[in-house]
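> Model the structure of this input:
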Amino acid sequence: MNTVLIKDQTIGGDGINSINLEFENEIITVKDLIISRVQKEVEIYNSKAATPYAGLVIPDQVEKFLNSKTKTKRKEVDFEKQSYIALDGFITNQFFVIINDKQAEDLEEKVNLSIIKEVEFIKLTPLVGG
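The predicted model follows:
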């Protein structure tokens, strides 16, 4: 297994969130990295009722739940929908992926996990939807 630390950072370099991801393959794509990250965040959120959502994408229903004054049962987040939103966010430069101090430019770009231990996601705008 290859473990990678994913860190969310602001433009100013402040850390916001971090998560460890494990991959069976040594070579993956940026797309694989983003999808795995979203999947892990959704799994964490859906498995723990009291856990606030701290993912790459802020799902519509989570935002409504957080903003509501009544205590309603929260809905599970749809991993597939969030993945599409995150991939679109990468394509439209709503966030950057920095690997070894170099910005990833393409979803199909190869990432060699044997030389990567940390990846930074820099959010430029909130990704909301789904």
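
> contacts, neighbours, all on C-alpha from now
Will do.

> what's the distance between the residue nearest to the spatial centre of the chain and M1?
The residue lying closest to the centre of the chain (Cα atoms, centre = their mean) is L56, at 3.7 Å. As judged by Cα to Cα, to the nearest Å, L56 and M1 stand 24 Å apart.

> On the three-state scheme, I16 is what?
Secondary structure, DSSP: H, G, I helix; E, B strand; the rest coil: I16 is strand.

> My guess is it contacts D8. True?
Yes - if you go by Cα atoms under 8 Å, I16 and D8 touch, sitting 5.3 Å apart.

> Where does pLDDT dip in this structure?
Regions of the chain meeting the criterion pLDDT under 70 cover residues 12-15, 49-55, 57-74, 125-130.

> what about the helices in it?
Assigned by DSSP state H, the helices in the chain fall at 30-47, 60-67, 79-91.

> Out of those, flag the one nearest K117.
Each of those was scored for nearness to K117 using Cα to Cα, and the closest is helix 30-47 (12.6 Å).

> just checking, what packs against the closest one?
If contacts are counted by 3 or more Cα pairs under 8 Å, 6 or more residues apart in numbering; DSSP states H and E, helix 30-47 sits against strand 15-23, helix 79-91.
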